[in-house]
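1. need the 3D shape of this:
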Amino acid sequence: MRYLLIGTALALGFGAAAQDAYLTNCFVPRYWKANTGWQVSARVRNSSSSAPLYTFHVDYRFNNGPVQVGNTQATTGISPGQYWPYVHQVPFSSAAGSGVLKVWVVGGGETNPSNDTLYFDVKVLGAWATKSVLIEQTTGTWCQFCPPSDAVCNTLDADPLIVVASHHENDQFTSASSAAYWAPYVVGYTPAGLMEQGEFGGLPVDAQYTLWQERADMRKMGVSPASVVVTPVLDLATRELTVDAAVAFEAAVPGTYTLNAYVLEDQVHAPQTGAGADYVHMQIVREVLGGADGTTGVIPASPAAGTTYTHQYTTQVPEGWDAANLRVAVMISEHGSGGLWTVNVADANVLAVGIVEQEDLRFSVAPNPATDAVRINLPDASAVRVRLIDAKGAVVLDRDLRAASGSFVLDGLDAFPGGLYTLRVSSQGREGSHGIVLH
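-> Numbers count the residues shown, from 1 in each chain. Below is the predicted model:
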């Protein structure tokens, strides 16, 4: 467990009064650099309702090494609901290897020794890669509470060492592969966030989006045994997306690993409850290329240091997905007791290649919103091809029209569910798009 973990502490009491001290906000990265200092810090708290906590010190020990005794702190008294920040004067440092870092609080008068200690599994690496952090959230266009969470995610995603993916639930952006991936987390509310795929179950899904920045910054300070490079290329003529993923291991860390990839789309305009009709949706998970369980067999159980493992994904991209706003995130996950751990993640914008019609055809549509028919005003054209594309990018109508009195009538729209659609019109090698809303 890595964040807000509750352990026990020994606290010094006065007279017959007793305390029950414990630690929170103590974080140690799962992977750390050999012979490099890590500052061990925590918040010391008191769960006793009978007396304040006045003096204490925090100690730590790695494997069977020496106990590093911390300096004693004297306080004005810590009552329940309060905390005292503590920074150990000796940074944790070790040669390459693995083990358990034990951190605890020491004092007199402690009456509950069952919650005094925190344990961290740490792999100390002689060679390492920069660590990026994966943050996922579940959201929906119907969720009135989601815009503030979205704003936090947009800020986080702008950080080059953070990748954000937004899984949409029960709306026009929901995909079957995204829903299947998210289902095991069993969340009954939105917004909800998941960091590093739960860190083997130690960091559960929660709605505390105001804490995501702090948690992500902590995890960026760690390192990873492997780097990830992703190269996504979209053929505009065939709409086939090819994703080449490369995972280079800097350190030989045995484990059970899978690979996965998300196709993400940004800058999608659609209504959002609580934020208006022209809300900009970001980080939409359009497709989970490795499925709910990820791709096995790419990385062996004992990867070799200095070796790069590769895999290629291919998928068809619907016409309604804007190539200019697509990117792909690839993550390597370690499987263990209690779930997954994101070893590393990287994303890259999709490179579009091939020939496509020019997006310079301008036209107007009325009425908008519409019920059963729209009139497309394009005075200079005598014939057009019209495609109606739903919010998931699927072409639901494809029709050739001829002009009547300088415009084109597209009818039969009452056969489609209400919602946001894209109307794509092509004529003489030129193409343009216009958003419409059907009632």
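
2. show me what the biggest helix by length in the chain is packed against.
-> The residue-count maximum for a helix in the chain (DSSP state H) belongs to helix 146-157. Applying 3 or more CB pairs under 8 Å, 6 or more residues apart in numbering; DSSP states H and E, we find helix 146-157 packed against strand 133-139, strand 162-168, helix 212-220. From N, CA and C alone the C-beta is placed, and that goes for glycine too.

3. what does that helix rub up against?
-> If you take CB atoms under 8 Å, 6 or more residues apart in numbering as the criterion, helix 146-157 is touched by 135, 137, 139-140, 162-164, 166, 190-191, 193, 207, 209-210, 212-213, 216, 272, 274-275, 279, 281-283.

4. S178: what secondary structure?
-> helix (DSSP: H, G, I helix; E, B strand; the rest coil).

5. picking that back up, the longest helix of the chain vs strand 162-168, what angle?
-> 150 degrees (axes from the mean of the first three to the mean of the last three CA atoms, to 10 degrees).

6. and helix 146-157, what's buried?
-> C146, P147, S149, D150, V152, C153, L156, D157 (16 or more other CB atoms under 10 Å).

7. quick revisit: the helices and strands packed on helix 146-157: which one's closest to N71?
-> helix 212-220 (23.2 Å; CB to CB).

8. give me the neighbour count for G65.
-> 11 (other CB atoms under 10 Å).

9. am I right that it falls within a strand?
-> No. Applying three-state DSSP, one finds G65 to be coil, outside a strand.

10. and the pLDDT for the nearest residue to it once chain neighbours are set aside?
-> Excluding its sequence neighbours, the residue lying closest to G65 (CB to CB, 6 or more residues apart in numbering) is S94, at 7.9 Å. Model confidence at S94, given as pLDDT, is 97.

11. secondary structure class for S94?
-> Applying three-state DSSP: S94 is coil.

12. give me the neighbour count for it.
-> There are 19 residues near S94, going by other CB under 10 Å.

13. stretch 318-335: how far from the chain's middle?
-> With CA atoms, centre = their mean, to the nearest Å as the basis, stretch 318-335 stands 12 Å off its chain's centre.

14. let me fix that: stretch 96-108
-> With CA atoms, centre = their mean, you get 30 Å for stretch 96-108.

15. repeat that for stretch 88-101.
-> Distance, centroid of stretch 88-101 to centroid of chain: 29 Å (CA atoms, centre = their mean).

16. then stretch 405-425?
-> That offset, for stretch 405-425, works out to 36 Å (CA atoms, centre = their mean).

17. do the same with stretch 315-329
-> With CA atoms, centre = their mean, you get 19 Å for stretch 315-329.

18. mind listing what's buried along stretch 117-135?
-> In stretch 117-135, counting by 16+ other CB under 10 Å, buried: 117-118, 120, 122-125, 128-129, 131-135.

19. cool, and stretch 245-262?
-> Neighbour-count burial for stretch 245-262 [16+ other CB under 10 Å]: 245, 247-251, 253, 255, 257-262.

20. select from those every entry located in strands.
-> When DSSP state E defines the strands, the subset of the buried residues of stretch 245-262 inside them is A245, V247, A248, F249, Y257, T258, L259, N260, A261, Y262.

21. farthest-separated two in these?
-> Farthest pair in those, by CB to CB: F249 and Y262, 22.1 Å.

22. count of neighbours near A324?
-> The burial count for A324: 12, using other CB under 10 Å.

23. ok, now A179?
-> The number of residues near A179, taken as other CB under 10 Å, comes to 17.

24. for G290, same thing?
-> Neighbour number of G290 under other CB under 10 Å is 23.

25. grab the nearest non-local neighbour of it.
-> N260 (3.6 Å).

26. ditto for R385
-> S426 (4.4 Å).

27. host element of the one you found?
-> strand 419-427 (DSSP states H and E).

28. what are the pairing partners of that strand, and which direction each?
-> Neighbouring strands of strand 419-427 in its sheet, by DSSP bridges, are strand 383-389 (antiparallel), strand 430-438 (antiparallel).

29. return the set of buried residues in the shortest one.
-> In terms of neighbour count (16+ other CB under 10 Å), strand 383-389 has its buried residues at V384, V386, R387, L388, I389.

30. and if you look at the last one?
-> By neighbour count on 16+ other CB under 10 Å, the buried set for strand 430-438 is E431, G432, S433, H434, I436, L438.

31. and stretch 126-138, C-alpha only, in CSV?
-> Taking C-alpha atoms only, stretch 126-138 is exported to CSV below (Å, rounded to 0.1, in the frame of the first residue of the first chain):
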residue,chain,number,x,y,z
GLY,A,126,21.1,-0.4,-10.6
ALA,A,127,19.8,0.8,-14.0
TRP,A,128,16.4,2.4,-14.5
ALA,A,129,14.1,4.4,-16.8
THR,A,130,12.1,7.6,-16.1
LYS,A,131,8.7,6.8,-14.6
SER,A,132,5.4,8.1,-16.0
VAL,A,133,2.1,7.8,-14.1
LEU,A,134,-1.2,6.4,-15.5
ILE,A,135,-4.4,8.0,-14.2
GLU,A,136,-7.8,6.7,-15.3
GLN,A,137,-11.2,8.1,-14.5
THR,A,138,-14.8,7.0,-15.2
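
32. among the buried residues of strand 383-389, which one sits closest to W32?
-> Using CB to CB, the buried residues of strand 383-389 come closest to W32 at I389, 48.4 Å.

33. how many other residues sit next to the closest residue to the closest one other than its chain neighbours?
-> Closest residue to I389 apart from its sequence neighbours, by CB to CB, 6+ apart: G320 at 3.6 Å. Using other CB under 10 Å, the number of residues around G320 comes to 21.

34. how close does G320 get to L234?
-> 14 Å (CB to CB, to the nearest Å).

35. got the domain ranges for the chain?
-> 21-125, 129-353, 358-438 (automatic domain parsing).

36. which one of those has the lowest average pLDDT?
-> domain 358-438 (a mean of 86).

37. distance-wise, check G65 relative to H335.
-> Relative to H335, and taking CB to CB, G65 is found at 29 Å.

38. again but with H88, I slipped
-> 33 Å.

39. V396: what secondary structure?
-> Taking three-state DSSP, the label given to V396 is strand.

40. can I get stretch 199-216 in CSV? Just the C-alpha atoms.
-> C-alpha atoms of stretch 199-216 as CSV (Å, rounded to 0.1, in the frame of the first residue of the first chain):
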residue,chain,number,x,y,z
GLU,A,199,-1.1,-0.7,-7.3
PHE,A,200,-2.0,-4.3,-6.5
GLY,A,201,-5.1,-3.3,-4.8
GLY,A,202,-3.4,-0.9,-2.4
LEU,A,203,-4.7,2.3,-4.0
PRO,A,204,-8.4,1.9,-4.6
VAL,A,205,-10.7,3.8,-6.9
ASP,A,206,-11.9,7.0,-5.3
ALA,A,207,-13.6,10.4,-6.1
GLN,A,208,-11.0,12.5,-4.3
TYR,A,209,-9.8,14.2,-7.5
THR,A,210,-8.3,17.1,-5.5
LEU,A,211,-5.7,14.7,-4.2
TRP,A,212,-4.7,13.2,-7.6
GLN,A,213,-2.1,15.8,-8.3
GLU,A,214,-0.3,15.2,-5.0
ARG,A,215,-0.4,11.4,-5.5
ALA,A,216,0.9,11.6,-9.1
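
41. brilliant, that's me finished.
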